[in-house]
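Colleague: Make a model of this:
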Amino acid sequence: MRTGRRAIAGRREVIGAGLGVVVGLALWRRWPRGGSRVELRREPLRFAVYPFQDLEGAVSGSVLETVRKRLCLRPAMNFSQYLHWLQIFGVRESPEYQAEATREVLSLLTDAGRLEERSGQANVIVPTEDGVRFLVGQTGDALVDSSRPAHPFQALGVFGEVGLPASTPIVASGGDFTLKDAVRDCLSNLQIREAARQEPEWATQVLAHYLPPACSWRNRWGEDMTIERWAEFLAERDVTRYSCAGTHLLHSLAVLLQAGAAHPILSAELADHLRGVCREYSRTIEATQEPNGAWRSDWSKGGLAREYRSLEVHMAGHILEAQMYLPEELRISPRCAARALKYLAQAFAASDDNTVFEEHCPYSHAGGVLLRCGAQAG
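Modeller: Below is the predicted model of the structure:
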């Protein structure tokens with residue numbers, strides 16, 4: 001009898017241990033392995049945007065109407081195109097904010113099943129050992145192989161920009177999560193070194209939106225990380241290593257400076273240094289502007305990996321977008337900005353629906369600049 005009881009007890013211990021392993025593995029998959037559970041913001045920190053004055057009077061009502069028409073939602077859009085649309089029309093300054101179209105796009109971008117059903121893109125939102133991650137590729141095929149995502153953490157940066165709270169539900173291909181899980185995955189996988197599948201410019205936006213007033217955390221390797229050290233890494237890194245010909249570096253530094261002005265996450269010395277870096281890049285941008293008001297991809301002695309017909313639209317849109325997050329004393333002159341606005345207005349007027357759809361990223365950044373500057377003029 002005692003032997004039978006011991007056997008039953010033994011089986012219970014084995015079952016209990018097994019359940020413990022299962023639960024432990026589940027938790028291990030969901031939370032950072034060596035990372036600390038830093039307290040994230042419930043609502044993302046919002047940053048001021050300072051549109052340029054249309055000194056040339058180029059951004060007319062007809063131009064703004066053309067921008068909205070060319071960048072309208074289309075059935076054949078993929079994840080990246082939906083995300084760029086949201087970045088323009090999901091912000092509070094847009095008339096489409098909280099409109100039905102915006103809610104529909106948000107529901108697509110945060111639900112892997114719906115996104116696959118709509119665009120055919122599978123495995124866009126996947127569980128990881130540290131939370132959940134968005135794999136932002138252009139096609140379904142690019143998402144199922146081992147290739148590097150187009151812009152790791154880009155979706156999180158855009159979500160912060162349009163004001164999504166950390167509690168926003170995320171439906172992945174393997175379970176239900178929240179935006180907080182995606183931010184934790186980002187934090188857990190950052191390193192103060194060059195690393196594959198890490199683009200510091202997008203990760204910086206995630207940090208700036210969802211971390212302050214917290215300014216430190218621990219990554220999956222047990223390394224102590226701080227926003228201060230991360231900012232130093234950003235500024236020391238060669239500008240040519242940043243995406244979109246280095247333009248996203250200036251955007252990253254600008255939002256860090258705004259976050260630092262709102263919360264004590266940067267030392268006074270480092271903040272002064274970052275302001276100096278931004279000022280110097282703005283001088284370089286002004287000095288390398290083309291006669292037509294645009295820029296080449298080698299404005300900083302760097303360049304894009306591929307050349308295409310909308311290259312100058314890409315450069316002008318990205319440069320002005322980043323500049324609008326800087327205060328007047330750190331950015332290009334109003335005249336330089338006005339020439340670029342005139343170029344973008346003319347580029348949209350000369351475009352067609354097919355060109356803008358095929359080159360959605362360049363035109364979306366350019367269109368967002370025109371809409372913001374045009375709204376100020378109106």
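Colleague: Pass me the low-pLDDT residue ranges in the stretch 201-350 of the chain, would you?
Modeller: Along the stretch 201-350 of the chain, segments meeting pLDDT under 70 span 301-309.
Colleague: any idea where the helices of it begin and end?
Modeller: Counting by DSSP state H, counting those that start in this stretch, the segments of the stretch 201-350 of the chain that form helices are 227-236, 247-262, 268-287, 311-323, 334-349.
Colleague: and Gly174, what does it touch?
Modeller: Val126, Pro127 (C-beta atoms under 8 Å, 6 or more residues apart in numbering). Just so you know, the C-beta spots here come from the backbone N, C-alpha and C atoms, and that holds for glycine as well.
Colleague: List the backbone torsions phi and psi for it.
Modeller: As for Gly174, its main-chain torsions (degrees, to the nearest 10) stand at phi -130, psi 20.
Colleague: what's the distance between it and Thr128?
Modeller: Counting by C-beta to C-beta, to the nearest Å, the gap from Gly174 to Thr128 is 10 Å.
Colleague: re the thing from before, check the helices of the stretch 201-350 of the chain for me and report the most buried one.
Modeller: helix 311-323 (a mean of 26; mean count of other C-beta atoms under 10 Å).
Colleague: quick one: which of the helices of the stretch 201-350 of the chain is nearest Asn78?
Modeller: Closest to Asn78 of these is helix 311-323 (C-beta to C-beta; 18.0 Å).
Colleague: okay, now the residue nearest to Ser107 when sequence neighbours are not counted: neighbour count?
Modeller: The spatial neighbour of Ser107 that comes closest, neighbours along the chain excluded (C-beta to C-beta, 6 or more residues apart in numbering), is Arg114 at 6.4 Å. Look at Arg114: counted by other C-beta atoms under 10 Å, it has 14 neighbours.
Colleague: Which helix or strand contains Arg114?
Modeller: helix 112-119 (DSSP states H and E).
Colleague: for that helix, which positions count as buried?
Modeller: Neighbour-count burial for helix 112-119, counted by 16 or more other C-beta atoms under 10 Å, picks out Ala112, Leu115, Glu116, Arg118, Ser119.
Colleague: Residues touching that helix, excluding its own?
Modeller: 76-79, 82, 107-109, 121-126, 140, 171-173.
Colleague: Any idea how far that helix is from the middle of the chain?
Modeller: 21 Å (C-alpha atoms, centre = their mean, to the nearest Å).
Colleague: and it, what's its mean pLDDT?
Modeller: When pLDDT is averaged along helix 112-119, the result is 88.
Colleague: what's next to the helix or strand that it is followed by, contact-wise?
Modeller: Past helix 112-119, further along toward the C-terminus, the next helix or strand under DSSP H and E is strand 125-128. If you take C-beta under 8 Å, 6+ apart as the criterion, strand 125-128 is touched by 29-30, 110-112, 115, 132-135, 170-175, 177, 185.
Colleague: one step back: now render the helices of the stretch 201-350 of the chain as a markdown table, adding distance to Val63.
Modeller: Converted to a markdown table, those look like this (distance: least, C-beta to C-beta, whole Å):
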| stretch | distance to Val63 |
| --- | --- |
| helix 227-236 | 35 |
| helix 247-262 | 23 |
| helix 268-287 | 23 |
| helix 311-323 | 14 |
| helix 334-349 | 5 |
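Colleague: Right, I'll leave it there.
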